[in-house]
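Novice: Quick check, what structure comes out for this input:
(chains A and B)
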Amino acid sequence: MEMQFMLLFSRQGKLRLQKWYVPLSDKERKKISRDLVQTILARKPKMCSFLEWRDLKIVYKRYASLYFCCAVEDQDNELITLEIIHRYVELLDKYFGSVCELDIIFNFEKAYFILDEFLLGGEAQETSKKNVLKAIEQADLLQEEAEAPRSVLEEIGLT
Amino acid sequence: MSDVVEKTLTALPSLLSLDSHSGSTKLSSSSKLGNLIRGITELTSKHEEEKLIQRELASIKEQVSSPNTSMRQMKELMVRAIYCEMLGYEASFSYIHAIKLAQQGTALEKRVGYLAVSLFLNESHELLLLLVNTVLKDLQSTNLIEVCMALTVVSQMFPKDMIPAILPLVEEKLTHPKEIIRRKAVLALYKFYLIAPNQVQHIHNKFRKALCDKDPGVMTASLHIYLQMIQENPEGYKDLTASFVTILKQVVAGKLPMDFNYHSVPAPWLQIQLLRILAFLGKNDQSSSEIMYDILEESLRRAEINHNITYAILYECVKCIYTIHPKSELLEKAAKCIGNFVLSTKINLKYLGLKALTYVVQQDPKLALQHQVTIIECLDHPDLIIKRETLELLFRITNAQNVAVIVEKMLEFLRGNKDDYTTIDLVGKVAELAEKYAPNNEWFIETMSTVFSVGGDTMQPDIPNSFLKLLSEGFDSVEEDRKLKLFAVDSYVSLLQGEPGKLPQRFLQVISWVLGEYSYLRGELDAATVLRLLAKLLDTKSTSSETKSWVLMAMTKVCEGGVGVSVAQEVCETYSSSLDTALRQRAQELQHLSQDRDLRAKVLPREAGSEPLEVDSSLSFLDGFVSEALAAGAAPYKPHHQRQEELAQAKALSMEPYGLPISMSSCSIADRQSPTLLSVSSGLSGDSPSLSQKGGSTTPKLDGVKRVWGRQGYLVQTEPVEESDLVEVTGPLQSPNQQAGADGPPSQTPTLKPTPQPEQEKQQLASSLFVGLGSQSSLCLMGKPEATTQRFRRKAKGPVLSSSTGEQISNSSVSASSMANNLLCNDLLDSNITSETAAPSLEQTPQLSRDLPAANGACAVESTDRDVKENSASLIGDNRLVAADPAPRGDRGKLKDFSAHLPAEFSGLCHSDISPLASNQSLDVSACHVQKEDSLVLVVFMYNSSDDAIPHILLELRSDELEVSCEGDSPVEEARSRSVAVCQYSLTVKKPSVHVEVAGTVSYQLPVGTSQSVQFSYKLPLTSFIRPLTVSTEEYGTMWLDFSHDTKQKLTPICLGQEPLMDTLNVLKKKLKLHVVEIIGMEGIVACRVLRDQPCLMHCRLHAGALSVWLRSPVPDLPDCLMYHCQRALQEH
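Specialist: Next up, the predicted model:
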């Protein structure tokens, strides 16, 4: 059930997050995301959440102004991929507290950290919501501890 | 939850325009990233954005390379660089700094560094090598978070060659007290397993420990590895079946901690993973399947909540139930479940339902009947993906009776389709169906014309190739053959008279070839007319020069008579001065041959298409020339890939990780300058045996020496494939397609004219789509996966209509009887269908596959003179379903001791145990392999346990990895009652693989008339094909330099006494039959070959308690396979 890649983009077609689990050249990546963004934005709301694209299956879902889109192999189970997307949204929601597109735009590196904790190498790594968030928070804690003294120093102009 | 998110998110766009402080309190409003993002949102044009980003990138670039930039600032810069890359602007200057950040930063900076690396680089990027040291350091860190980060990046991307450097550290983490570390380590090993399976082979038992881990997360992670390993080798893990079932039982019963629940469904991802594993384990294995039945039923029952996630599990469950050994009640429940999907109003579920149906109709075509109304509705669904999946489903249920309607539906879709990928796929499928089930000539030619026009130049080149091959080889009936060709000529002439400029190039090439070859068949068609039509193509602007070559070639074949010659001359004048050398050549040929009638008849004889042409693909006639050149000092030829590799090696960094480089110096390898005859003399270059195999088996499509050059570029790519097909198919196969044409069932031609009532129209469509889906239809369905047989099916179609030529007696009997059979089945089917449509409720219970053989048998009894062969084709499917019934290993009691029947010539040789492979009521099949010095012989024993003699037993073997050739006169044997028939086959390796497998079908006819077949497969390790290769050290040296495929690995040597190297090599010599060439100090060189002539060399060196082994061979994959066996041999010792 290995995922090939995941893209997040806005209704205006702006890419918000991209994670590639298969080695592809920069050029291919750009072409794929351009193609897919175009195709998906053109689809009507009541349509199937799955589509065929080359030899891959694309599974996508819209959450407010954001589209989440994943590519899996043809024989994979599209429904479970749809739920992977949903679980990711749940994680983001829990972490940011009612997530909105802005959170993801301005803190995209956090969104990546959460994704890496949830999916590793295209496979679901940890499906317990609690465990994923615990791992992220621990790492964040480290960050704050390290950051705090520095910003104080910065404030008094010592750096 | 999603509602909440949606609500918050809908409020978003308005927020974007607000001031930053109210926009999000979480952002530091002064952050540079924040400024950049806000800056971009304020812009209105793409152009302005570009300017802004370029400015941004320039400033980032300046700062990252400044020595004063702190790591903390670097982190911030990196985030901005990632953002720019996401917007599509290249920031490759920052890649190296990302690596630096991961290396030098503190934990939190590292985190961003690693993230940037994983986003910027992919696993083949050369900069990744610089990360190895950092990873190594972090894996040893006492800070858990650093270890986590290192493991995360390793599981996403890591250079394959560097795995040995970090493997011990990752392995160590499997016993780490923290579950998150254990889990990540397991996933990292999974990644290693995917990219370099033999490197993690030694830790298989540790995987088992991970499977038993007390933390469910670690256990779940280990399932990824198991799924992969079981998919590759289900036999090796049967003992775990019960464990997986137990785990699934516990999960389904809700024994896992609550936080693994997802929408109150317990650990759905885990459930799905387990169901997939069970499907692999239960496939063709009754006893394993029986362990699963309970839990599968439980899973079906438990999944009640109406939520996507339960449907996802159900889908996987249904797939599993249809994959493993069938159980009727379960199948029934699964079928009902599919019904819920298909009938759902939710489009996603409907789609998955269609997908599930597509999967299961291969085994139970009647399921499609139950849902015919839905299927027809889906055919007109506005969402293309639904339509597409429906066509896929129809493709699987196509038979000789509904082919016309289904193909029409597919073509309809194709005409409106714009996506190249879909076109290529569907066009291929239409062509396949057309060749297999064409009801008549006209339909076939017309359909293929549509295929060529729609498929255009994107379609797979083998479609036109195989079409032309079919035409040129013809089939058994001369008359029928002629008609097909004539029809093709007629329809192409009229196409050319229309607007040929609009036709795709490939189609024009087909047309030219056909007209060139066969236009003479249409007597009243003047050669000059054809020539003019062809000449018109030359004048068309859009015609490519490749097509022009085809056209000129065709003209050369046709030109005749005064007018013809003058048209030809005109053309020649234009093209003999063309800049394109190929065209000029062609024009010259046309000029000369059009003037010399006799010469033309000699060079381009008519009707020579079927005569085999001898091609010396090894080019051995050049050997003299080559050795002369070598003697004169020329450098020996190196194949392209080898040159590339050497070039790459010269350029690339040394990949040897942290070990001392292996030195070859002490082995006194012959220097590179010495002219090596090895690489020249045909056959020794390793690739060439297989090549000559392919090429040697004639190229029936070419009918004159010139022709080879005519389409050289075109043929070269595709021919080998077809050739190998040709070799495999040994006899005529049944042709169910022709009688339909002969008897012309007019009712089944598409009836899509508008009728007043749409309902009626749908019903009509239904009856034409689902015709032939009774139980007997398995006959047509089962042959399908073997793409190789189809085009030859057509070959048998002739005799139905005309008397065949004397020599093809067996053929004619095949098709005559097959006609009887099919007609009979048609009758049965028709009655079946009426009853089924009338009373669908009766059909609710899916017919068990067990019914199939019975029905088929009944069919066969009436047509007593069916050929054995034909039945083997039709019964394959039945056996697949019921095959596990006789329980391959179950009834040992019946088996005799076959060793007495081992042919006398093998008495002194070492042979494997005789293992029972398959059996049914009357026949038990067993086999063993015998190691001869220069070959490996597979001996198949067939014991007739019935009271009647079986006159003809036909044994067919096939294998992807092996070349199988029959030893002895014929593969047909007879077995008297209670006695044993023995067949011998010589096996050689075609494509190395760790384990190789031969699949076989035994088909025979019982005296009472029913035909039977038994399927089996025989697996043997590559080691049985290894023979010592006796070479001198010098020869070894020369060969070593010539071989291009290699692999390196460190193994654990065996230590018995003082000399571990000697001991290890002796073990390998004994177990794998290698030849030890020489041992010098701590280094040893060893050689072997894999039957027949695939050499492999080994160099090993003992250093610091480890044995560095380096294997080289001209054959791809061989070193890897051998490494696997060496490792095994040493481990087992």
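
Novice: my guess is B:L917 contacts B:C928, does it?
Specialist: No: using C-beta atoms under 8 Å, B:L917 and B:C928 do not qualify as a contacting pair, with a distance of 10.2 Å. Every C-beta, even on glycine, is put in place using the N, C-alpha and C of the backbone.

Novice: residues near the closest residue in space to B:L1022 that isn't next to it in sequence, how many?
Specialist: Of all residues not flanking B:L1022 in the chain, B:C1121 sits nearest, at 5.3 Å (C-beta to C-beta, 6 or more residues apart in numbering or on different chains). For B:C1121, the tally of surrounding residues (other C-beta atoms under 10 Å in any protein chain shown) stands at 25.

Novice: List the contacts of whichever residue of the stretch 301-450 of chain B sits closest to chain A.
Specialist: Taking C-beta to the nearest C-beta as the measure, the stretch 301-450 of chain B has B:A312 as its residue closest to chain A, at 3.7 Å. In this structure, B:A312 makes contact with A:77, A:79-80, A:82-83, B:268, B:272, judged by C-beta atoms under 8 Å, 6 or more residues apart in numbering or on different chains.

Novice: can you do 6 Å?
Specialist: A:77, A:79-80 (C-beta atoms under 6 Å, 6 or more residues apart in numbering or on different chains).

Novice: buried set for the helix or strand containing it?
Specialist: Secondary structure assignment for B:A312, by DSSP states H and E: helix B:308-323. In terms of neighbour count (16 or more other C-beta atoms under 10 Å in any protein chain shown), helix B:308-323 has its buried residues at B:308-323.

Novice: if we can go back for a sec, let's verify the residue nearest to the residue of the stretch 301-450 of chain B closest to chain A when sequence neighbours are not counted: helix, strand, or coil?
Specialist: Among residues not flanking B:A312 along the chain, A:L79 sits closest, at 3.7 Å (C-beta to C-beta, 6+ apart). Each residue gets one of three states, and A:L79 gets helix by DSSP: H, G, I helix; E, B strand; the rest coil.

Novice: just checking, A:L79 touches B:N308?
Specialist: Yes: using C-beta atoms under 6 Å, A:L79 and B:N308 qualify as a contacting pair, with a distance of 5.4 Å.

Novice: Check the average confidence over the helix holding B:A312, would you?
Specialist: Averaging pLDDT along helix B:308-323 gives 92.

Novice: any idea of the pLDDT on residue 106?
Specialist: Reading this off chain A. 89.

Novice: nope, chain B please
Specialist: In the prediction, the pLDDT value recorded for B:T106 is 84.

Novice: Please name the bridge partners of B:C1096.
Specialist: On the basis of DSSP bridges, B:C1096 is bridged to B:C1088.

Novice: Distance of it relative to chain A?
Specialist: Summarising the geometry, the distance separating B:C1096 from chain A, computed by C-beta to the nearest C-beta, to the nearest Å, is 29 Å.

Novice: Tell me which residues touch that residue, please.
Specialist: B:1088, B:1113, B:1118, B:1122.

Novice: ok, the residues you listed vs chain A, which is closest?
Specialist: Lowest distance from chain A to the contacts of B:C1096 (C-beta to the nearest C-beta) belongs to B:L1118, with 25.4 Å.

Novice: Contact partners for the nearest residue to that closest one once chain neighbours are set aside?
Specialist: Nearest non-adjacent residue to B:L1118, counting by C-beta to C-beta, 6+ apart: B:P992, 4.3 Å away. Remark: with contacts taken as C-beta under 6 Å, 6+ apart, B:P992 is in contact with B:1117-1118, B:1121.
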